[in-house]
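S.K.: using only what follows, build the 3D model:
(chains A and B)
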Amino acid sequence: MAITYTSGEQVEVYRFSIPATILIPLTAVFLQAWLSKRFPFLTIFDLPLLVTIGFATARRNPLAGLFTGSLIGMLQDALTINPIGLYGIAKTVVGFGASSLGIKLDVENAGARFLLTIVFYVVHEIVYFMIARGLVGLHMAWSWPHEFLSGVANAVLGIFVFMLLDRVKQRT
Amino acid sequence: MDVLGRYRNLIVLVGVLFAQVLGLAVQVKRTTASEPTRLIRVWAVGAVTPLEKALEWMQTSTGNIWHNYFYLRGVRAENRSLKAQIERMTLEQVRLSQDAGQARRLQALLAFKEQFISQTMAAQVIGGSGSESSRSVFIDKGYSDGIRPDMAVITADGIVGKVLHADPVDRHVAEVLLIDDQTSGVGAILEKTRLQGILRGTPSGELVLEKVMSDETVSPGEQVLTSGGDRIFPKGLTVGQVTKVSPGTEVFLNIRVRPAADLSRLEEVLVVTKIDERQAEPDQTGAARAIDILAERLPTVPPKPEDAAKGAAGTAAPGTVPTGTVKPTTVKPTPVAPTTAGSDAKPKAVSPQASAAAPATRKTATAASASGAPSGTASGLSSATPANSTGIPATKPAPKPVKVAVPPPPKPQPAVEDAPH
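M.R.: Numbering: from 1, shown residues only, chains lettered A, B, ... in the order given. You can find the predicted model right below:
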């Protein structure tokens, strides 16, 4: 039973074993690439992003969060044809933000996780859009309804992903 | 010092972001053609693709066991349907081969150079990029299999994309840029109007044909083919079909194209590993002299039974019709091609009686075949078959006719004199 507090001093901090730290992001990136090929509509989900948020909120360490997000993002970039760093920057911001917010808020219940995922999904997409369009020169289409609905879909999936992560996280 | 400790997290965040932005700037500045593959890409692909290959193999194996050994319902009906389709396509092939032969002769006259796909390699799609902004797939063949960047990737339905990365480091995997990616560009031509443009992908994954002037008339439904101008795809491959035409932002039309190949459900693809460019040559297998054609098109006189019997006695080998003779009434027993589409394609000799009765039928079918109207009868098939290889009107049986060097006098000669020994 995880104890949750809103006080920064009393908040529960978790860690993940080394195999889990390596294998879970790799699996997320793999599934993202493999499932999207089998079922193209699944590209609206961003499993690596959900893992980034899950790790960041559990660890509650901004440095760990931003580095985790950075590595997962660059790994995801490596499988695309775009320059490496697009997903890296976006997930760095999300990792930092999620872990910083995890210190201050109760993110152990499903409702908070749901809202948190929607917010960070949209933040992720905004950062990605700005970098891709402004720095790389990609033509990107932006649609608020699409982003919001994708955020909701990711939030629903996120609840289950976070439940799975709860099973492998360990108290410090 | 205290300030640094207080804002340590923020400083690290800014540092990491700055480093990544710097890295992006360096990558964007470099040209993609000479850019070496990043090590992180090699690692990522190396970490992910073995799993994808294994899963693909398991899925294919399971599917094969199920489909090949258990789920065989409807196979007989499908077999019958396919046989009927083969028959239809055989007739169609006759007509097309005649057109092709004519085209080859004209191309040879114009010293026209064509591109031929001379070698392809089948590959299986094992994974995608997993991103909406990057439309690419990975295939299970790579550098060690002879795959190189900028090779065309196609399916039976149409073109798919080009090989983007095939590195010596990761030798068994290659990345294919799909034609619906926004960084992709394909030289395309409209089939009927022959208007050329550039086919590009959009951020939403649609295909748009650009650079077609707005004063041109383009209709939805028109086929789009490759123009060969990009030096990647050979000319004439199917790209897709025009779905929507609307005025564009400038002086160009906005033409939406639906790809012929289903890019979202790719399973197996063909990588074009070799393209030959050579000058078209007319077929050397048959002498398409005017006198030969004229002789075949002359009205037929049914041979007398004694002529046929005599000819049969004097025939040394089948297929020795003297094409140089004007009167085809001394036709010897000749082999005929298979009388049914499903049988062997090799010609078979028939009895003298059958042969004697055959010419009239054969001529009739030949005329129909030459005029581009397949008869659909067995004799129509048999007489038309040689045209596949000769490219001239289907008037000769399958074995090569003997060419007479000097046009002979109108006196009919015994076939045995002209027969090769």
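
S.K.: give me the neighbour count for the nearest residue to residue A:148 once chain neighbours are set aside.
M.R.: Across the structure, with CB to CB, 6 or more residues apart in numbering or on different chains as the measure, the residue nearest residue A:148 apart from its sequence neighbours is residue A:122 (7.1 Å). Yep, even glycine has a C-beta here, placed from its N, CA and C like the rest. By the criterion of other CB atoms under 10 Å in any protein chain shown, residue A:122 has 16 neighbours.

S.K.: for residue A:122, give me its contacts.
M.R.: For residue A:122, the contact set (CB atoms under 8 Å, 6 or more residues apart in numbering or on different chains) comprises A:147, A:148, A:151.

S.K.: quick one: it from chain B, how far?
M.R.: Residue A:122 sits at a distance of 15 Å from chain B (criterion: CB to the nearest CB, to the nearest Å).

S.K.: did I read that right, that residue in a helix?
M.R.: Yes - looking at residue A:122 with DSSP: H, G, I helix; E, B strand; the rest coil, it is inside a helix.

S.K.: one step back: of the contacts of residue A:122, which is the nearest to residue A:105?
M.R.: For residue A:105, the nearest member of the contacts of residue A:122 is residue A:151. The distance, counting by CB to CB, is 18.0 Å.

S.K.: these two touch, right, that closest one and residue A:117?
M.R.: Yes - counting by CB atoms under 8 Å, residue A:117 is a contact partner of residue A:151 at 7.2 Å.

S.K.: the strand or helix carrying residue A:102 and chain B, any residue contact?
M.R.: Residue A:102 belongs to helix A:86-104 when assigned by DSSP states H and E. Yes - against chain B, helix A:86-104 shows contacts by CB under 8 Å from any CB of the partner chain at A:86, A:87, A:88, A:89, A:92, A:93, A:96, A:100.

S.K.: the first one and residue A:46: what is the separation?
M.R.: Look at residue A:86 and residue A:46: by CB to CB, to the nearest Å, they are 13 Å apart.

S.K.: ok, these two, which is more surrounded?
M.R.: When neighbours are counted by other CB under 10 Å, residue A:86 and residue A:46 differ, and residue A:46 comes out ahead with 31 against 28.

S.K.: contact partners for the more buried one?
M.R.: Contacts here follow CB under 8 Å, 6+ apart; on that basis residue A:46 touches A:32, A:121, A:124, A:154.

S.K.: for those, which one is nearest residue B:166?
M.R.: When the contacts of residue A:46 are compared for distance to residue B:166 (CB to CB), residue A:32 wins out at 22.9 Å.

S.K.: dump the residue contacts of the closest one.
M.R.: By CB under 8 Å, 6+ apart, the contact list for residue A:32 reads A:45, A:46, A:47, A:48, A:76, B:130.

S.K.: repeat that for residue B:254.
M.R.: B:208, B:244, B:245, B:246, B:247, B:248.

S.K.: turn these into CSV, columns for distance to chain A, neighbour count and secondary structure.
M.R.: Putting the contacts of residue B:254 into CSV (distance: CB to the nearest CB, whole Å; neighbours: other CB atoms under 10 Å in any protein chain shown; DSSP: H, G, I helix; E, B strand; the rest coil) gives the following:
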residue, distance to chain A, neighbour count, secondary structure
B:208, 11, 19, strand
B:244, 17, 12, strand
B:245, 21, 19, strand
B:246, 17, 9, strand
B:247, 20, 10, strand
B:248, 15, 16, coil
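
S.K.: which of these sit farthest apart?
M.R.: The largest distance within the contacts of residue B:254, taken as CB to CB, falls between B:208 and B:247 and amounts to 13.3 Å.

S.K.: which residues in the chain form strands?
M.R.: As the question left the chain open, I've gone with chain A. Taking DSSP state E, the strands of chain A run over residues A:14-16, A:169-171.

S.K.: sorry, I should have been clearer: chain B.
M.R.: Counting by DSSP E, the strands of chain B are B:113-128, B:136-139, B:152-154, B:159-165, B:174-178, B:185-190, B:196-201, B:207-210, B:223-226, B:238-247, B:253-259, B:268-279.

S.K.: okay then, goodbye and thanks.
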